[in-house]
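1. missing the sequence, but the structure's below:
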Ligand code: NAP
């Protein structure tokens with residue numbers, strides 16, 4: 001009898017719901033044929049339970065990631081990081097090319113604009129802050145803590161900031177309310193926030209995905225403007241939008 005094939009080693013670059021869903025679906029579909037390592041940046045303290053092994057923290061750049069891929073015998077990489085996590089995606093593309101490891105980008109679909117939406121498309125977060133000068137003064141900001149500095153010069157605006165975890169340092173905004181919450185969010189919650197805080201304009205990244213879409217529906221219902229920060233351009237290479245398609249890509253690698 002032939003020895004069973006050794007398990008192939010998949011590295012999932014994660015930090016998203018899709019990455020967690022992929023790990024769990026891959027484990028149930030491929031079982032012992034696949035060893036899974038989930039990689040997280042370690043930005044938040046609360047972590048979902050993930051199928052497979054977990055490593056936490058940066059690799060130290062593209063070259064260090066390439067060295068990691070070789071040292072750990074990684075057979076393939078699925079980059080399932082957030083659409084705005086541009087640095088790690090670029091580093092993964094470069095590292096996989098230099099270590100000759102196949103890489104797939106699992107990038108969720110963009111939100112679709114509805115006829116009644118009043119989206120103002122901007123290139124980046126500083127452009128979103130600039131756009132606010134012509135819009136309402138009560139602003140709901142859902143761009144993450146690290147992007148708030150761009151709004152610090154808007155001293156006549158009042159901000160409602162939603163973060164996943166309490167900030168480590170005071171927010172750099174002269175007038176703000178802090179909301180804590182982890183998605184998915186539902187429409188009733190989002191309506192309540194708009195109403196309770198008398199929101200006049202919403203600022204969001206074009207992240208896509210169901211978990212954070214209800215705020216857009218709630219804004220549409222009130223005909224509020226939404227400043228939508230465009231996604232960074234993803235690296236070239238194979239790309240899918242759905243976990244099921246990523247599983248099919250994996251199946252082809254394992255065949
Ligand atoms: P980023 O700007 O692309 O990456 C910054 C650095 O963090 C990278 O250079 C890398 O450090 C490290 N890193 C990022 N993702 C990593 C991962 N999955 N495993 C190991 N190291 C990682 O990323 P970011 O925007 O800060 O996002 C960090 C994490 O949060 C990602 O996992 C992402 O999926 C998740 N996230 C991001 C957003 C967002 O809006 N940006 C939203 C939700 C979730 P080294 O250079 O040292 O290797």
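-> Happy to help now that I have it. Computed from a predicted structure; not experimentally measured.
2. okay, now residue 178: neighbour count?
-> 15 (other C-beta atoms under 10 Å). All C-beta atoms are positioned from the backbone trio N, CA, C, and that covers glycine.
3. where do the strands of this structure begin and end?
-> 8-13, 34-40, 53-56, 76-79, 103-106, 118-122, 138-142, 158-163, 176-180, 201-205, 225-229, 239-240 (DSSP state E).
4. tell me which other helices or strands the second one touches.
-> Other helices and strands packing on strand 34-40, by 3 or more C-beta pairs under 8 Å, 6 or more residues apart in numbering; DSSP states H and E, are strand 8-13, helix 17-30, strand 53-56.
5. looking at the strands of the chain, which is buried most?
-> Neighbour counts (mean count of other C-beta atoms under 10 Å) averaged over each of the strands of the chain peak at strand 76-79, with a mean of 26.
6. who touches that strand?
-> With C-beta atoms under 8 Å, 6 or more residues apart in numbering as the test, strand 76-79 has contacts from 8, 10-13, 19, 22, 69, 88-89, 92-93, 96, 101-106, 246, 249-250, 253.
7. one more time with 6 Å
-> 10-13, 89, 92, 96, 101-106, 246, 253 (C-beta atoms under 6 Å, 6 or more residues apart in numbering).
8. just stretch 60-75 next, same as before
-> With contacts defined as C-beta under 6 Å, 6+ apart, stretch 60-75 is touched by 8, 9, 11, 59, 91, 94, 95, 98, 99, 101.
9. now, which of those residues lie close to the ligand?
-> Among those, proximity to the ligand is found for 59, 91 (C-beta under 6 Å from any ligand atom).
10. pLDDT added to the contacts of stretch 60-75, as a markdown table?
-> Below are these laid out as a markdown table (pLDDT from 0 to 100):
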| residue | pLDDT |
| --- | --- |
| 8 | 96 |
| 9 | 97 |
| 11 | 98 |
| 59 | 98 |
| 91 | 98 |
| 94 | 98 |
| 95 | 98 |
| 98 | 98 |
| 99 | 98 |
| 101 | 98 |
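11. beta partners for the residue of the stretch 151-255 of the chain found nearest the ligand?
-> Closest residue of the stretch 151-255 of the chain to the ligand, C-beta to the nearest ligand atom: residue 205 (5.9 Å). Per DSSP bridges, the residues bridged to residue 205 are residue 229.
12. so what's it up against?
-> 84, 143, 229.
13. of those residues, which ones also sit close to the ligand?
-> Okay, of these touching the ligand (C-beta under 6 Å from any ligand atom), that's residue 84.
14. burial measure for residue 238, as a count.
-> 12.
15. residues contacting the nearest residue to it once chain neighbours are set aside?
-> Nearest residue to residue 238 in three dimensions, chain neighbours excluded: residue 104, at 5.0 Å (C-beta to C-beta, 6 or more residues apart in numbering). Contacts for residue 104 (C-beta under 6 Å, 6+ apart) come out as 78, 238, 249.
16. would you mind listing what in the stretch 101-250 of the chain touches the ligand?
-> Counting by C-beta under 6 Å from any ligand atom, the positions of the stretch 101-250 of the chain adjacent to the ligand are 144, 205.
17. can you name the residue of the stretch 101-250 of the chain nearest to the ligand?
-> Nearest residue of the stretch 101-250 of the chain to the ligand: residue 144, at 4.9 Å (C-beta to the nearest ligand atom).
18. how near is that residue to residue 165?
-> Here the criterion is C-beta to C-beta, to the nearest Å. By it, residue 144 lies 11 Å from residue 165.
19. neighbour-wise, which of these two wins?
-> Applying other C-beta under 10 Å to residue 144 and residue 165 shows that residue 144 carries more neighbours, namely 17 against 12.
20. now do the residue most central in space within the chain, the pLDDT please.
-> Centroid-nearest residue in the chain, with C-alpha atoms, centre = their mean: residue 82, separated by 2.3 Å. Reported pLDDT at residue 82 in the predicted model: 97.
21. so what's the residue count around residue 208?
-> 18.
22. over to residue 28?
-> Close neighbours of residue 28, defined as other C-beta under 10 Å, add up to 10.
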